[in-house]
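Enquirer: have a look; sequence and predicted model below, questions after that.
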Amino acid sequence: MKRTKQQDNHLVQISNNNRKQKLENQITSINSTKSDRVYLLEDLANEIHYEIFEYLDSYDIYKGFYKINKRFQNLAINSNVLTRMNISTISKSNFEDYYQNILIANPNRIKFLRLSNPFTTDIIFPSSRTILNFTRLQILILDNVQIEHFIKVIRRSKELPLLHSLTISLIGYNRALDLLFLNIFRLPKLKYCKIEYQTKVNDYELFYSTRDDSSPMECLIINGQFPIKAFQNLLSHLPKLKHLSINPIVFSPNYVEQEKLSHIQLKYLKHVSLKLNGISFDQFEKIIKKFFYHIQLLRFTTRLNKDYLNAKRWQEVIISHMPYLRIFDINHEDWITNKNLKYHDMIHQFNSSFWMEKRWFFTHQHLWSESNSGVFYSTAPYRRKDYIYYRMSINPICSNIQKENLNSVTHLCIANEEVEHDCMNYFPNVKTLSIKNEFIKSSDSTIATLQRMIPLKQLTKIVTECCIFPIDNIINLLCFTPNVHTLNLNSLLLYDINKNSNKQNEIFQYVSEKNKIQTLVLYWKCSLSDVKFIVDLFPRLEYFKVEMNIKEIEQIIRFLLSKTHNKTQSLCYLCLLKIPKVFLKQTKILIKSENLLNNYSIKYIDNDLHLWW
């Protein structure tokens, strides 16, 4: 009998719990027999060390155990964990040490490899042939890689016999995506592929393959603007595709209705998830008719097109062209300007017997206090990982809105200026919180409301997208979110903090001592005084991405790299946004003339300066 993914995950969880309990029992047993003397790490049997290694990354094992003595060196080398290399933000010297002692000696053992900055790919793969040494590689993840370096690596990857999973996140703006896709399609064993990229606005000339390359790929996830006119060409290369996700698929300004779409038999395609930007219902219906006959799950997001709220038309399309559909998951945002149409009247059409019999249920929120605007979406259960909170309801019109099951949500976005104190929904598994507007209520009141919505101690990432967000609100929020390690801030007001105030100084010192922020991204121009304040507040910072005041860039770099203080001792990666290219040369001169760094790498990529040391 075939197991479901949920059953598999449950079995994995049971196995992990059993192993953890076994490890705890073994350590307890050793402790009980050695209660008369000091317990040493060396007293543990090799078997227990291997159990401990299972909970650590390979670099943590190397850093913590490799140089203790010869026994631990052999334990680290012989551990199965060395088959998984997950290299995140570490200093250049630490990376090179790890590279020389572990990676160079063991490429044929590595099954999982993840690299996370644009410099490490160049080091590990100095030539296109180097990847051929990774003969057992099954899963490759490259974050923040330049497209030219990735293509250099991937061209020879087709000779790897076991590579079945590829995840890439391209840095900078990219245009040669047709070359990217073609090289990916030639990987003979690839089953899973996730691609993330950026293109400039309206730069959709991406994918014009006319080759006959056919890929064995079963799951494709594209996070980047993909033109609708290339959609058919894409699918023609993927006859075995089962799962497709594109965010977003876009309408190109120069798009003209071409020849009729050719029918492609995609009998394995079951799950489709699309974000539609500027795609009309007429265009989407043509895609459904030609490609989605066998699908079982359709998830799509769209906005500003009331045609998508035509329940009768959807009913006809589903009955005629998606007969196997089990899950219909819509998320539609709009406001109705036609005085003869009422928003609630339109969404009420989805309460007919057709939708009820299939057990497809829907609810809505309002964007503002107006009843003719809203977000209409599927629920019972809500299946998406992202949830945007607007204004929940307008009484008494929306009195039938019920509490939802939101266990699937890991990212909550607050889009309203006010969070209703009586919000009925709870999000038990949220890890990321995004805030789109400055809160009009006090931070204490807002935090109290948030605590009723999400487990704040569980958060690991906070993002603010509003133009103005006072720093004291961030500091107060961090008091209740001790496990946040990543902050992305669109703008801050630093002048509103008064560190001379006893209360604010106490809160500042508490947050400075307790917070775990390692990654900070600031999309606003910082002065030297701003940077000094930030460094005091986040002393464990490792990765700092920021836009700076041009006149103070040299002073800021000197301060961040200075050896006269220990405030930036953890910092090893600096990305300066929107900076003239002349600063590439000037920064090199500054570092050399003042002996700020002995070992570093520097790159200029699409108006951003990257420095790693």
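Expert: Structure received. As the structure is a computational prediction, the values presented were derived from the model and not from experiment.
Enquirer: so how far is residue 271 from residue 383?
Expert: Per CB to CB, to the nearest Å, residue 383 is found 11 Å from residue 271. No exception for glycine: its C-beta is placed from N, CA and C like everyone else's.
Enquirer: what touches both of those two?
Expert: Counting by CB atoms under 8 Å, 6 or more residues apart in numbering, the residues touching both residue 383 and residue 271 are residue 299.
Enquirer: show me where pLDDT drops low in the stretch 151-300 of the chain?
Expert: Scanning the stretch 151-300 of the chain for pLDDT under 70 picks out 201-212, 253-262.
Enquirer: which stretches of it form helices?
Expert: 177-185, 231-236, 281-291 (DSSP state H, counting those that start in this stretch).
Enquirer: name the helices or strands packed onto the second one?
Expert: Translated: helix 231-236. helix 281-291 (3 or more CB pairs under 8 Å, 6 or more residues apart in numbering; DSSP states H and E).
Enquirer: what's the helix it packs on in contact with?
Expert: 228, 231-232, 235, 251, 261-264, 266, 269, 276, 300, 305, 307-308, 310, 313, 317, 321-322.
Enquirer: at 7 Å instead, please
Expert: Helix 281-291 is contacted by residues 228, 231, 235, 261, 263-264, 266, 276, 305, 307-308, 317, 321-322 when judged by CB atoms under 7 Å, 6 or more residues apart in numbering.
Enquirer: in ChimeraX, select just the buried ones from those.
Expert: Of these, the buried ones go into a single ChimeraX selection, burial set by 16 or more other CB atoms under 10 Å:
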select :228,231,235,261,266,276,305,308,317,321,322
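Enquirer: using CSV, please lay out the contacts of helix 281-291 together with distance to residue 378.
Expert: Formatted as CSV, these follow (distance: CB to CB, whole Å):
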residue, distance to residue 378
228, 23
231, 23
235, 25
261, 27
263, 28
264, 27
266, 23
276, 15
305, 17
307, 18
308, 13
317, 16
321, 19
322, 15
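Enquirer: so, low pLDDT: which residues of the chain?
Expert: In the chain (pLDDT under 70), the answer is 1-40, 201-212, 253-262, 340, 368-371, 391-402, 421-422, 440-441, 492-503.
Enquirer: swap in 50 and give it another go.
Expert: The chain contains residues with pLDDT under 50 at 1-15, 27, 30-31, 33-35, 37-38, 259.
Enquirer: in which helix or strand does the closest residue to residue 574 other than its chain neighbours reside?
Expert: Using CB to CB, 6 or more residues apart in numbering and skipping residues adjacent in sequence, the residue nearest residue 574 is residue 611, 4.6 Å away. Per DSSP states H and E: residue 611 is located in strand 608-612.
Enquirer: I'd like to know which elements that strand is packed against.
Expert: For strand 608-612, the helices and strands in contact under the criterion 3 or more CB pairs under 7 Å, 6 or more residues apart in numbering; DSSP states H and E are strand 573-577, helix 582-593, strand 601-605.
Enquirer: ok, and for the second one, which residues are buried?
Expert: What it means is helix 582-593. Burial within helix 582-593, assessed by neighbour count using 16+ other CB under 10 Å, is assigned to 583-584, 587, 590-591.
Enquirer: identify the residues contacting that helix?
Expert: By CB under 7 Å, 6+ apart, helix 582-593 touches 553-554, 557-558, 596-597, 600, 602, 604, 609, 611.
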